[in-house]
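>>> Structure here, sequence nowhere to be found:
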């Protein structure tokens, strides 16, 4: 690509556009780009709850399907509390369930202990008549499965009751012929099948399933209601919303001041090259933010450490390049020659430094857990961006600027008048 | 031009002194693993008014049947006060126990308007798993760095370069570790984050100088000079870069620290402060230790 003297203008414009998108996002019909305001912060920054649950008083390892059922209970409960921005992970090796959810903005009622206790309680599955009287409880259900009804070729959910349940179910169906029997988990209505006739064999079939997925979900939820244990959390942390949002605001302020300071330093010390560096850094930070906000990667405190390190390496790349260009100028090379060889010579140091960081980040992604993954991700993205913005973009800008007559004075490149002669 | 090789003994003495000081402070203070690693429970409340910490401790201990330490901290920017309950022993607290404690404290000390602000409970085995994974990652990164430097800097005797880079790293990591001990910051997951950052930063610093040595080695004007001069000149040539980068990075982290300190955001102060120490150490170890050690290694080999 041939670089012409107006290209710097286009690059600056482009960087400003990327910056604006990163900070304000785009919400125009089908094109939606999430911005810095939508970044998902870890609970260590924003405040929220993180808890690891394990079965209470269970003398064996929970099975995989029990853990899946337990996860479903938690999901249903969080849904009913309107907590949709959450992560629930099952750790099958250790028989644990990990839950993280942030506070809703403006939440005033902060009672994490209660929320954590309630989430772990055994789900209460009940069958109720239209008046709401409880007829049968989840403990009387032995199993629930999805089958395909061959006659109508549609999925159905079959329930098998124990002895007690069979008797209760027979009584209930006798009373409720031509009415509905409602199945609740806690206070959430799962399904309201229509009773056609009295069922005495302890085997019930719920028909009229909308889809296979729906049938599986219903069946799983019924199984979850029959879970033989409740969950307890001895590992949990919570940070209040006020503390969380306050910390975030303070950090943003500190970050802006720190960035301004770096820019002032670069401008004073490296003049035109410092100006280019500032824009290269703006591009790097903007894309870094987009890399967090678009895929909704959770940003934790170690993640911020990763950003600091990669911006540090980004500043370093620009410093190395600027120093190199200045050196070349000092030994009397022409401006064009100095820029060309300055970038070329600086490249290997920038390359080695960033590549080692990228590999360290990859090692961390493989071995790291939890909040360390956020560090690894931000560091890796940051270092890849260093190559693009620190080396390619800043080179295009510098060469393009230097082709303009006004920008050809050596003093603009940080060389003192005496040295420039 | 500054002769870093000639002054090497002073530098080695400084580093040895600091490390000795660190070891002594470890012996005196002990290593304070945070509850993230050893398990335990910390609960923080914001409150208004004055409080008798002993009274709270007694109440909490009698409810939970566990020894409880109570402290009050204040933050400078908002003048808010916080009550910190530290439960002895190394197990967490389940949420119903915590609820019970919460109810009792709120009714017993209703005039304080207690509001839960943070809570953290960890069972020891969870922390152990986390710590071990972190250490594995750090060890593997170290191995990789030796191999990479050895391969990329073959021309300037890669093995010595790799080993020395690693010694510089170990120096920086131990300084970071000591700064946690000195500032009485419990070793928590920010320790792992800071250590990894410093490893990344310090190795980058060292590589920049190696890169310069490798490049200078082929220049005609360095053909005739000794290895000592080659390394010394290379360090001096990259000196303004090293200092400028360190100054800007330390200043940026410093601003973050000052803000976090004023607003008493402990999770951030506890990583910004050791990070600043580590950044300075990383810059120092590269210039003052790695370079002179390279020369010493080569001289030994030549004998």
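Alright, I've got the coordinates. Everything numeric in this text was worked out from a predicted model, so none of it was measured.

>>> so how far is the lowest-mean-pLDDT helix or strand in chain B from its chain's centroid?
Each helix and strand of chain B was given a mean pLDDT (mean pLDDT, DSSP states H and E); the minimum falls on helix B:35-38 at a mean of 77. Centre-to-centre, helix B:35-38 and its host chain are 17 Å apart (Cα atoms, centre = their mean, to the nearest Å).

>>> Beyond that helix, next helix or strand please.
Downstream of helix B:35-38, the first helix or strand assigned by DSSP states H and E is strand B:40-47.

>>> Check which helices and strands the helix or strand following that following strand sits against.
As assigned by DSSP H and E, the chain's next helix or strand after strand B:40-47 is helix B:53-64. Counting contacts by 3 or more Cβ pairs under 8 Å, 6 or more residues apart in numbering or on different chains; DSSP states H and E, helix B:53-64 packs against strand B:68-74, strand B:81-87, helix B:95-108. For the C-beta atoms, the positions are set from N, CA and C on the backbone; glycine is no exception.

>>> Enumerate every residue touching residue B:211.
Neighbouring residues of residue B:211 by Cβ atoms under 8 Å, 6 or more residues apart in numbering or on different chains: A:348, A:349, A:352.

>>> do residue B:297 as well
Residue B:297 sits in contact with B:157, B:160, B:164, where contact means Cβ under 8 Å, 6+ apart.

>>> now do residue B:52
Applying Cβ under 8 Å, 6+ apart, no residues qualify as near residue B:52.

>>> and the gap between it and residue A:27?
The gap separating residue B:52 from residue A:27 is 54 Å, by Cβ to Cβ, to the nearest Å.

>>> out of the contacts of residue B:211, who's near chain B?
With respect to chain B, and counting by Cβ under 8 Å from any Cβ of the partner chain, the subset of the contacts of residue B:211 in contact is A:348, A:349, A:352.

>>> before we move on, the earlier item: which of the helices and strands packed on helix B:53-64 sits most buried?
Sort the helices and strands packed on helix B:53-64 by mean neighbour count, taking mean count of other Cβ atoms under 10 Å in any protein chain shown, and strand B:81-87 sits at the top with a mean of 20.

>>> Between the ones next to chain B among the contacts of residue B:211, which sits nearest residue A:154?
residue A:352 (62.8 Å; Cβ to Cβ).

>>> State the mean pLDDT of the one helix or strand that closest one maps to.
Counting by DSSP H and E, the element that carries residue A:352 is helix A:335-367. Helix A:335-367 shows a mean pLDDT of 89.

>>> Also stretch B:242-258?
The model assigns stretch B:242-258 a mean pLDDT of 92.

>>> Out of the ones next to chain B among the contacts of residue B:211, give me the one that has the most neighbours.
In terms of neighbours by other Cβ atoms under 10 Å in any protein chain shown, the ones next to chain B among the contacts of residue B:211 top out with residue A:349 at 25 neighbours.

>>> Please name the spatially closest residue to it (chain neighbours excluded).
Of all residues not flanking residue A:349 in the chain, residue B:211 sits nearest, at 4.1 Å (Cβ to Cβ, 6 or more residues apart in numbering or on different chains).

>>> got the end-to-end distance for stretch B:71-84?
End-to-end distance for stretch B:71-84: 5 Å, by Cα to Cα, to the nearest Å.

>>> quick revisit: could you dump the contacts of residue B:297 into TSV with secondary structure, distance to chain A and pLDDT added?
Output for the contacts of residue B:297, formatted as TSV (DSSP: H, G, I helix; E, B strand; the rest coil; distance: Cβ to the nearest Cβ, whole Å; pLDDT from 0 to 100):
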residue	secondary structure	distance to chain A	pLDDT
B:157	coil	16	79
B:160	helix	17	88
B:164	helix	15	92
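
>>> Now the buried members of these.
B:157, B:160, B:164 (16 or more other Cβ atoms under 10 Å in any protein chain shown).

>>> for the last one, what are its contacts?
Residue B:164 sits next to B:206, B:290, B:293, B:294, B:297 when contact means Cβ under 8 Å, 6+ apart.

>>> Go through the residues you listed and say which is closest to chain A.
For the contacts of residue B:164, the residue nearest chain A by Cβ to the nearest Cβ is residue B:206; the value is 9.2 Å.

>>> tell me, how many neighbours does that closest one end up with?
Residue B:206, neighbours per other Cβ under 10 Å, totals 30.

>>> how far is stretch B:270-288 from where the chain is centred?
Worked out by Cα atoms, centre = their mean, stretch B:270-288 lies 8 Å from the chain centre.

>>> Identify whichever of the helices and strands packed on helix B:53-64 lies nearest to chain A.
Of all the helices and strands packed on helix B:53-64, helix B:95-108 sits nearest to chain A, with 3.9 Å by Cβ to the nearest Cβ.

>>> Could you pull out the helices in chain B for me?
Using DSSP state H, the helices of chain B run over residues B:8-29, B:35-38, B:53-64, B:95-108, B:124-152, B:158-182, B:189-217, B:220-223, B:227-237, B:239-262, B:266-284, B:291-302.

>>> quick one: buried residues of the third one?
In terms of neighbour count (16+ other Cβ under 10 Å), helix B:53-64 has its buried residues at B:56, B:57, B:59, B:60, B:61, B:63, B:64.

>>> So what touches it?
Against helix B:53-64 from outside (Cβ under 8 Å, 6+ apart): B:67-72, B:83, B:85, B:87, B:93, B:97, B:100-101, B:104-105, B:108-109.

>>> try the fourth one
With contact meaning Cβ under 8 Å, 6+ apart, helix B:95-108 is reached by A:51, A:112-114, A:116-117, A:120, A:232-233, A:236, B:43, B:45, B:56, B:59-60, B:63-64, B:93, B:114, B:116, B:119, B:121.

>>> again, 7 Å this time
Helix B:95-108 is touched from outside by A:113-114, A:116-117, A:233, A:236, B:59-60, B:63-64, B:114, B:116, B:119, with contacts defined as Cβ atoms under 7 Å, 6 or more residues apart in numbering or on different chains.

>>> still on that earlier bit, including pLDDT and distance to residue A:264, could the buried residues of helix B:53-64 go into JSON lines?
Formatted as JSON lines, these follow (pLDDT from 0 to 100; distance: Cβ to Cβ, whole Å):
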{"residue": "B:56", "pLDDT": "85", "distance to residue A:264": "48"}
{"residue": "B:57", "pLDDT": "86", "distance to residue A:264": "50"}
{"residue": "B:59", "pLDDT": "85", "distance to residue A:264": "53"}
{"residue": "B:60", "pLDDT": "84", "distance to residue A:264": "50"}
{"residue": "B:61", "pLDDT": "84", "distance to residue A:264": "54"}
{"residue": "B:63", "pLDDT": "82", "distance to residue A:264": "55"}
{"residue": "B:64", "pLDDT": "81", "distance to residue A:264": "53"}
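
>>> How many residues are close by residue A:29?
What residue A:29 shows, counting by other Cβ under 10 Å, is a neighbour count of 6.

>>> quick one, what contacts it?
Going by Cβ under 7 Å, 6+ apart, residue A:29 touches no other residue.

>>> Now do the same for it: its pLDDT.
77.

>>> quick one, phi/psi of it?
Torsion angles at residue A:29 (phi, psi; degrees, to the nearest 10) stand at phi 60, psi -120.

>>> One more: the one 3 residues further on?
Backbone dihedrals for residue A:32, given as degrees, to the nearest 10, come out at phi -130, psi 110.

>>> Quick check on the closest residue to it other than its chain neighbours: phi, psi?
Nearest non-adjacent residue to residue A:32, counting by Cβ to Cβ, 6+ apart: residue A:26, 6.6 Å away. Here is the backbone geometry of residue A:26 (degrees, to the nearest 10): phi -130, psi 130.
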